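J.: build the 3D model from these lines:
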Amino acid sequence: MSASPNAGRYPWVVCFTSLLLVFFGQGAMFVLNVELKPIAEDMGWPRELPSLGYTAAFFGAGIGALYFGPLSERLGMGNVALIGALSIGSGTFLAGYVKTPGQLMLIFGVLIGLLGNACMFAPLMAHVMRWFDRNRGLALGIATAGQSVGGAIWPSIITWLDGTVGWRDTFHIYGLLCFTIMVPLTLVLRRPAPATASTGPREAGPDGRAFGLPGGVATAVLCAAIVGCCIPMSVPLVHLKAYGTDLGLAPQAAAAALSFALFASLFSRILGGVLADRIGGLKTLLIGSAIQCAMLAVISQAREMWSLYAACIAFGLGYGGIIGMYAYIVREYFPPAGATRRIAWIFLFGTIGMAAGGWFGGRLFDATGSYEAAFLLAAAVNVVQLVIVSTLL
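T.: Presented below is the predicted three-dimensional model:
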């Protein structure tokens, strides 16, 4: 491999293959999001219980990435992705048979989280960036866009399937789809990534210092920041469809609110990557986080379909590029050695935030009978994250 790893077409093949793997891997979470209310009603559970499945999956993915991220450098990204594909397919298929909350937690926490998406998102993001010196932000934005494409497409499809075959067979169908498509895609990633790539325009300081702080302290600050953006981010991602139906929208119309948010986030992931290549990851992160914060407050007050849709689109434009920016910042400010493990640690705290937000949104709804308090508290947490990021500029 030459000094410019992104010479030729293969790095872009890696980029778009990663997009597709994220599209299907994260899609398992959208199946649960859309089916949250039908599962709760069918099983006679409070919404907090299926929300805990989402929590378990994100927490498991964060823990697993600490192992599978570095393993992908030794074993190869294709082999690690294969483990994830088989686990996600198995988990979603088996989810159609759950009878108890414990079974749901185990399937989502272990198969879809710990052994599934732990092999996907964080390892794939680190892998993609190892192939690029130039256009790193654009490549990262495209790869992470799989989550947004999935969010734009899956909610409506899953809602239709639910109305046609029920939530159990919807999980079965999705599991079979993962086996059929994800497993062959992992073969594309068999080629080893370049051993090294340069850091970004802001070269790492001596002894791994970043932002004028020791490397470990700087990483801890980013871990705190990602918790502060992921808690508020996950509240609408988990509960938007249920919130829409509570406002009186038909299930398809309520699912469309989530689709609009995630479709808008597709553009912000790509444009955010381009913007980061121009102004840096920190400033791009701050812009996206500020938009997300403002729109959470607006969503809490939305009562009509048009106002909910407009707020969801703006929310998507804000939140879409946020998560990928943390990986970009690591490559921008820290030395390449150890970048995969550092990204895995930061994303672990992100999954803790996503897990906590999904849970407390359901918990506050069960306590108050409304989502307004959940969205407002999410916006307040987001303000704290904005303060943390601002201190690094």
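J.: pull the CA atoms of stretch 88-96 into PDB?
T.: Extracted in PDB, the C-alpha atoms of stretch 88-96 (Å, rounded to 0.1, in the frame of the first residue of the first chain):
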ATOM      1  CA  ILE A  88     -27.400 -10.500  14.400                       C
ATOM      2  CA  GLY A  89     -29.200 -12.900  12.100                       C
ATOM      3  CA  SER A  90     -29.600 -15.400  14.900                       C
ATOM      4  CA  GLY A  91     -30.700 -12.900  17.400                       C
ATOM      5  CA  THR A  92     -33.400 -11.200  15.400                       C
ATOM      6  CA  PHE A  93     -34.800 -14.600  14.300                       C
ATOM      7  CA  LEU A  94     -34.900 -15.900  17.900                       C
ATOM      8  CA  ALA A  95     -36.500 -12.600  19.100                       C
ATOM      9  CA  GLY A  96     -39.700 -13.700  17.400                       C
END
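J.: for stretch 383-393, buried residues please.
T.: Residues of stretch 383-393 classed as buried by neighbour count (16 or more other C-beta atoms under 10 Å): 384-386, 388-389, 392. The C-beta positions use only the backbone N, C-alpha and C, and glycine is treated the same way.
J.: any residues touching that stretch, and which ones?
T.: Identification of contacts with stretch 383-393 by C-beta atoms under 8 Å, 6 or more residues apart in numbering yields 211, 221, 224-225, 227-229, 232, 282-283, 285-286, 289-290, 293.
J.: grab the nearest non-local neighbour of the most centrally placed residue in the chain.
T.: Relative to the mean C-alpha position of the chain, the nearest C-alpha, by C-alpha atoms, centre = their mean, is the one of Gln147, at 6.3 Å. Distance criterion C-beta to C-beta, 6 or more residues apart in numbering; nearest residue to Gln147, sequence neighbours excluded, is Gln26 at 4.7 Å.
J.: pretty sure that neighbour is touching Phe121, no?
T.: Yes: look at Gln26 against Phe121 with C-beta atoms under 8 Å: they come within range, at 7.2 Å.
J.: between those two, which is the more surrounded one?
T.: Higher neighbour count among Gln26 and Phe121: Phe121, with 30 against 24, using other C-beta atoms under 10 Å.
J.: any idea how far Arg47 is from that one?
T.: Distance, Phe121 to Arg47, using C-beta to C-beta, to the nearest Å: 25 Å.
J.: and Gly53, by the same measure?
T.: 11 Å.
J.: got a list of contacts for stretch 79-97?
T.: So stretch 79-97 is contacted by 21, 24-25, 28, 31-32, 68, 71-72, 103-104, 107-108, 110-112, 115-120, 123-124, 167-172, 174-176, 178-179, 182-183, 185-186, 189 (C-beta under 8 Å, 6+ apart).
J.: one more: stretch 292-308?
T.: Here stretch 292-308 makes contact (C-beta under 8 Å, 6+ apart) with 229, 232-233, 235-236, 243-244, 247, 249, 253, 257, 311-312, 314-315, 318-319, 322, 371-372, 375-376, 378-379, 382-383, 386.
J.: pLDDT on it, on average?
T.: Across stretch 292-308, the average pLDDT comes to 92.
J.: okay, buried residues for it please.
T.: Within stretch 292-308, the residues that qualify as buried are 292-296, 298-300, 302, 305, 308, counting by 16+ other C-beta under 10 Å.
J.: what do you get for stretch 233-252?
T.: Neighbour-count burial for stretch 233-252, counted by 16+ other C-beta under 10 Å, picks out 233-245, 247, 249, 251.
J.: just stretch 248-265 next, same as before
T.: With burial defined by 16+ other C-beta under 10 Å, the residues of stretch 248-265 counted as buried are 249, 251, 253-265.
J.: CA atoms only for it, dumped as PDB, please.
T.: Extracted in PDB, the C-alpha atoms of stretch 248-265 (Å, rounded to 0.1, in the frame of the first residue of the first chain):
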ATOM      1  CA  GLY A 248     -53.300  10.500  17.600                       C
ATOM      2  CA  LEU A 249     -51.300   9.700  14.400                       C
ATOM      3  CA  ALA A 250     -51.900   6.400  12.600                       C
ATOM      4  CA  PRO A 251     -49.000   3.900  13.000                       C
ATOM      5  CA  GLN A 252     -47.700   4.500   9.500                       C
ATOM      6  CA  ALA A 253     -47.800   8.300  10.000                       C
ATOM      7  CA  ALA A 254     -46.000   7.900  13.400                       C
ATOM      8  CA  ALA A 255     -43.400   5.700  11.900                       C
ATOM      9  CA  ALA A 256     -42.900   8.300   9.200                       C
ATOM     10  CA  ALA A 257     -41.700  10.800  11.800                       C
ATOM     11  CA  LEU A 258     -38.800   8.500  12.700                       C
ATOM     12  CA  SER A 259     -38.100   7.900   9.000                       C
ATOM     13  CA  PHE A 260     -38.000  11.700   8.300                       C
ATOM     14  CA  ALA A 261     -35.500  12.200  11.200                       C
ATOM     15  CA  LEU A 262     -33.300   9.400  10.000                       C
ATOM     16  CA  PHE A 263     -33.500  10.300   6.300                       C
ATOM     17  CA  ALA A 264     -32.500  13.800   7.200                       C
ATOM     18  CA  SER A 265     -29.600  12.500   9.200                       C
END
